[in-house]
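Enquirer: sequence first, predicted coordinates after that:
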Amino acid sequence: MDYNFNEIEQRWQKFWAENKTFKADNTSDKPKYYVLDMFPYPSGAGLHVGHPLGYIASDIMARYKRHKGFNVLHPMGYDSFGLPAEQYAIQTGQHPAITTKQNIARYREQLDKIGFSFDWDREVQTSDPNYYKWTQWIFIQIFNSWYNKTSNKAEHIDTLIEEFHKNGNSNVNAVCDEETISFTAEQWKHFDEQEKSDALMHYRIAYLGEAYVNWCPALGTVLANDEVKDGVSERGGHPVERKLMKQWSMRISAYAQRLLDGLDTLDWTESLKESQRYWIGRSEGTSLKFKVQSSKSEIEVFTTRPDTIFGVSFVTLAPEHELVEIITTPEQKAAVDEYVTKSKSRSERERQAEVTKVSGVFTGAYVEHPFTGKQIPIWIGDYVLAGYGTGAVMAVPGHDSRDYAFAKHFNLPIIEVVAGGDLSKESYDAKEGKLINSEFLNGLEVYDALKAAIAEIEKRGLGKGKTNYRLRDAVFGRQRYWGEPIPIYYKPARRIDGSEVEGGNGIPYALPENELPLVLPEVDKFLPTEDGEPPLARAASSWKKDGVYDYEHTTMPGWAGSSWYYLRYMDANNPNSFADKELMKYWESVDLYIGGSEHATGHLLYVRFWTKFLKDMGYLTIEEPMKKLINQGMIQGVSTPVSIVSYLYEDKLFKVVNSDNGFGININGTYELNILPDFVDFEDGKHILTKENFEMLKKIDNRFFDIQFISNDDLIRLSVKECNDEITKLPLKSCVEKMSKSKYNVVTPDSICEKFGADTLRLYEMFLGPLEQSKPWNTNGITGVSGFLKKLWRLFYQNNTLTISDAEPSKAELKSLHKTIKKITEDIERFSFNTSVSNFMICVNELTEQKCNKRAVLEPLLILISPYAPHIAEELWSRLGHTETIAFAKFPVCNESYLVEDSFTYPVSFNGKTKFNLELPATLSPADIEKEVMAMEEVKKHLNGATPKKIIIVPKKIVNIVV
């Protein structure tokens, strides 16, 4: 019987679905194992072969742990809020919910075809109101909390209000805004509603305040740092600028030290932990104030090197610093304004990363040195970030590399204050050496000078020693439609006498929990309003709390729903709580989490933050969400040479792209019509558009074009009657790069499953290389894996007949089996899935040579391979007479006794040259080996009557006769 993988895989996928084979048990006596993938955003393009890489690895672990007797939770869902669906809605008018539903259906179809052992009863979708009800509920808990530094945890806001009522805020030890003013209990009691609300807002963990954000005017929304590349939006390539806006934010900075400390408890890669350590950026130093000359203003800096205070030769402000506009002189205003505008287009991440690019401009203003009184120029430079520290640095070019590059570029003074370096070549940044040119610090070692400088700064009232963190509070509000509504409404403020305060947006109140979920309203368009308000404001006239009060019009960011989804999987259908406490105690944290490293300083920080918060509030018993994390590498696509023809028409750049992988038209780099394979027929090697899609291409941006495609080996010509501009050809070379629809190098898992089978796809993706490494996709190599499965099938079937023997296996057969058991177990435990595939191949080759058909060997082999190739394993298992699924069969245990060698084949050498091999029992002593060797006729022949000078014997290695 032939190996019909299509029929087999469909049968077992249907069986697993109908029997809910992989449904996790919430009341099991087995040890638990929770394995989770970072859930995908369901894009319209569907999955390509790169996406399942991590899913296959996690599925192998899930299946393996079931075989090992664990109660496994292995769920899947969708991070289904996102900007792409909203952009599509803006272009087409189709509601994002419809697009998302269609995309999810496509993803589910693809995932099912690969044979994953997900518990689909626990599926979550972040855009489902039944899910985001609890995202909103968690937001309310965060809004109604403050961070008590004394207890080092979050507490309910009522405890803070009680303290205000009794003692004011003079004794409150909290994480709060720096501009928080002091007040007494008596003053608190006489505050009106607005004043009380404003006072509390300085302490709330979810708060409304001003923050610098990445604002994209074209998209009409704020973007996260990882959504901005090279000063433009990752989606669409639109310009992005830094802008100060009133936004909802979350005080993740309160958890900075706990987020740092927790990293030491995690089994994550050191590189990923180091990324978070750097992003959190703990540093110890002091604040220090510089007085601006001819002004009442002061510039406060934070420095970790107060010992170098006498080396300050200029002060640099971030372009966004609030003093820039105030202190800039008229002569410098034009240059400063131009520089500030330019800097707005670059994200903080870009500015931090570009250490070699030097830029800046002089403000025309000066500060006084706090110790010497000397005049020091004030510059602005985009290497200084408004969001880190105070947005200003005291520049010490002699002992800081970035300040040194800045000073060299602009010919500013470089003063040596720590001996030991050569400042003519580079800055001396080491924290060792004696202080020079530093008045009262002269002669001190750096360590002692640090303490002496801080003490003197505090003594003179110039600043105070402190610990600082690079981690900024997370901007939470987004000016989008397709996201969770923030469960806040606004009521007019009232004075003590009960009268309404005129003006303002009112006081924000959390929605009562019994009114959740606050569901997205219907709107006429998915764009911001004409006066720049977010899309939800389009429903403002009818979408009101109690028909009276305005709701918040911004929505939550994409990371909100993913910051707690691992908890919802534990109790996905609970209508009364985000998850049952007992179930959360049972499942605890994720044992294995697999996903991309690009989330290191985004999702992976936010999910840790929310977990710690929920623990503080008594909802969880765990401090960290994921015990072990593996970042899978990327399967890259091979981009073939393409022909690109571009032309300009009425200031719109059109490009037509043709390659082996795709054919499309791109307008201004943002609008794409991918017209292969759905829109293009092939006739005689030419690309012929269907009439319907020809009409679609003719009308673009309400302009009509006469478009023709003429194929010439490497060139496509585009004819436009209204335009006679010259057509240019831009050839590209083949390269290995990220697999992406836009690069025309996508390979879908559907096509591989159809041609070779899901088990082949699963094995091949693992076989490509170590899980953590990136590797190129090469379909040519898949035939070897496909052939291996056919060879496995032939161990069971000879001449279309199942030929299984119940006879005792030979020693060689048992050795092949148990050697493989040992290696596969070790491979899986260390996540070395690529070497497992090699070991399977070796085993099947050996058993084929041995003509093995023994049940005692082949049944354990099926269990071994079941996590990797579950369909063929299930099929052959059932054909061996088993009525239960193989999914829970006990994993084989290696018997080391079968691996002991009974004999050893010795190379017998004369004067170091091997003459023949001799097989002897492995247990013989050197004396017995010598006796056996010297009795051989072949040895006597080579000696020819001579007496050996020496016989060298190394047991289980060599025999060398020296003549």
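Expert: Noted; the coordinates are in hand.

Enquirer: what residues does K374 make contact with?
Expert: Listed by C-beta atoms under 8 Å, 6 or more residues apart in numbering, the contact set of K374 reads E368. Any C-beta I mention is one placed from the backbone N, CA and C, and that applies to glycine too.

Enquirer: so how far is I309 from it?
Expert: 12 Å (C-beta to C-beta, to the nearest Å).

Enquirer: ok, R830 next?
Expert: R830 sits 52 Å away from I309, going by C-beta to C-beta.

Enquirer: what about those two, which has more around it?
Expert: I309 (25 against 9; other C-beta atoms under 10 Å).

Enquirer: what's the spatially closest residue to F302 that is not a sequence neighbour sitting at in phi/psi?
Expert: If the residues on either side of it in the chain are set aside, F302 comes closest to G389, at 4.0 Å by C-beta to C-beta, 6 or more residues apart in numbering. The phi and psi values for G389, taken as degrees, to the nearest 10, are phi 60, psi -130.

Enquirer: show me the contacts for G389.
Expert: Contact analysis of G389 by C-beta under 8 Å, 6+ apart lists 301-302, 468.

Enquirer: what residues are up against E445?
Expert: Each residue near E445 by C-beta under 8 Å, 6+ apart is listed here: 432-435.

Enquirer: put the buried members of those residues into a ChimeraX selection.
Expert: To isolate the buried ones among the contacts of E445 in ChimeraX, judged by 16 or more other C-beta atoms under 10 Å, type:
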select :433,434,435
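
Enquirer: can you tell me which of the contacts of E445 is nearest A887?
Expert: Nearest to A887 among the contacts of E445, counting by C-beta to C-beta, is E432 at 61.2 Å.

Enquirer: contacting residues around P921?
Expert: 902-903 are the contacts of P921 under C-beta under 8 Å, 6+ apart.

Enquirer: specify the beta-bridge partners of it.
Expert: S903 (DSSP bridges).

Enquirer: next one: it from E932, what distance?
Expert: Distance, P921 to E932, by C-beta to C-beta: 9 Å.

Enquirer: now swap in R106 and tell me
Expert: From R106 to E932 the distance is 70 Å (C-beta to C-beta).

Enquirer: contacting residues around T467?
Expert: Contacts of T467 (C-beta under 8 Å, 6+ apart): 282-284.

Enquirer: for A407, that is, sorry about that
Expert: Going by C-beta under 8 Å, 6+ apart, A407 touches 313-314, 395, 397, 413-414.

Enquirer: go again using 7 Å as the cut-off
Expert: 313, 397, 414 (C-beta atoms under 7 Å, 6 or more residues apart in numbering).

Enquirer: ramachandran angles for the spatially most central residue of the chain?
Expert: Nearest residue to the geometric centre of the chain (C-alpha atoms, centre = their mean): H599, 2.0 Å. Backbone torsions for H599, taken as degrees, to the nearest 10, come to phi -100, psi 10.

Enquirer: what about the closest residue to it other than its chain neighbours, neighbour count?
Expert: Using C-beta to C-beta, 6+ apart and skipping the chain neighbours, the partner closest in space to H599 is M38 (6.7 Å). M38 is flanked by 23 other residues according to other C-beta under 10 Å.

Enquirer: got any ranges where this protein has weak pLDDT?
Expert: 225-226, 230, 235, 347, 349-350, 352-355, 496-498, 500-504, 638-736, 740-745 (pLDDT under 70).

Enquirer: can you give the domain ranges for it?
Expert: According to automatic domain parsing, the chain comprises the domains 282-468, 641-733, 749-898, 903-962.

Enquirer: list the contacts for the closest residue to Y88 other than its chain neighbours?
Expert: In space, Y88 comes closest to T99 once its chain neighbours are excluded; the distance is 5.5 Å by C-beta to C-beta, 6+ apart. Counting by C-beta under 7 Å, 6+ apart, T99 touches 44, 85, 88-89.

Enquirer: and what of T126?
Expert: Going by C-beta under 7 Å, 6+ apart, the list of residues near T126 reads 79-81, 132, 561, 565.

Enquirer: export the contacts of G389 to JSON lines and tack on secondary structure and distance to G912?
Expert: Shown next, in JSON lines, are these (DSSP: H, G, I helix; E, B strand; the rest coil; distance: C-beta to C-beta, whole Å):
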{"residue": "V301", "secondary structure": "strand", "distance to G912": "75"}
{"residue": "F302", "secondary structure": "strand", "distance to G912": "72"}
{"residue": "N468", "secondary structure": "strand", "distance to G912": "69"}
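
Enquirer: I630 is nearest to which of the domains of the chain?
Expert: Nearest to I630 among those is domain 749-898; the distance by C-beta to C-beta comes to 6.3 Å.

Enquirer: off-centre distance for the closest one?
Expert: Centre-to-centre, domain 749-898 and its host chain are 32 Å apart (C-alpha atoms, centre = their mean, to the nearest Å).

Enquirer: with stretch 388-401 instead?
Expert: Computed by C-alpha atoms, centre = their mean, the chain-centroid distance of stretch 388-401 equals 31 Å.

Enquirer: what does stretch 882-894 contact?
Expert: 21, 63-64, 66-68, 818, 821-822, 825, 860, 862-864, 866, 873-874, 877.

Enquirer: could you pull out the helices in the stretch 301-450 of the chain for me?
Expert: 324-327, 333-343, 348-353, 401-410, 446-459 (DSSP state H, counting those that start in this stretch).

Enquirer: can I assume Y255 is in contact with T611?
Expert: No - using C-beta atoms under 7 Å, Y255 makes no contact with T611, being 9.9 Å away.

Enquirer: more crowded one of these two?
Expert: Higher neighbour count among Y255 and T611: Y255, with 28 against 24, using other C-beta under 10 Å.

Enquirer: I872 versus P749, what's the distance?
Expert: 17 Å.

Enquirer: can you put the domains of the chain in a markdown table and add distance to N152?
Expert: Shown next, in a markdown table, are those (distance: least, C-beta to C-beta, whole Å):
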| stretch | distance to N152 |
| --- | --- |
| domain 282-468 | 14 |
| domain 641-733 | 48 |
| domain 749-898 | 35 |
| domain 903-962 | 61 |
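
Enquirer: quick one: closest of these to C176.
Expert: That would be domain 282-468 among these, by C-beta to C-beta, at 14.7 Å.

Enquirer: quick one: end-to-end distance for that closest one.
Expert: Start-to-end span of domain 282-468 (C-alpha to C-alpha, to the nearest Å) is 6 Å.

Enquirer: which residue is the nearest non-sequential neighbour of P749?
Expert: V49 (5.3 Å).

Enquirer: all set now, cheers.
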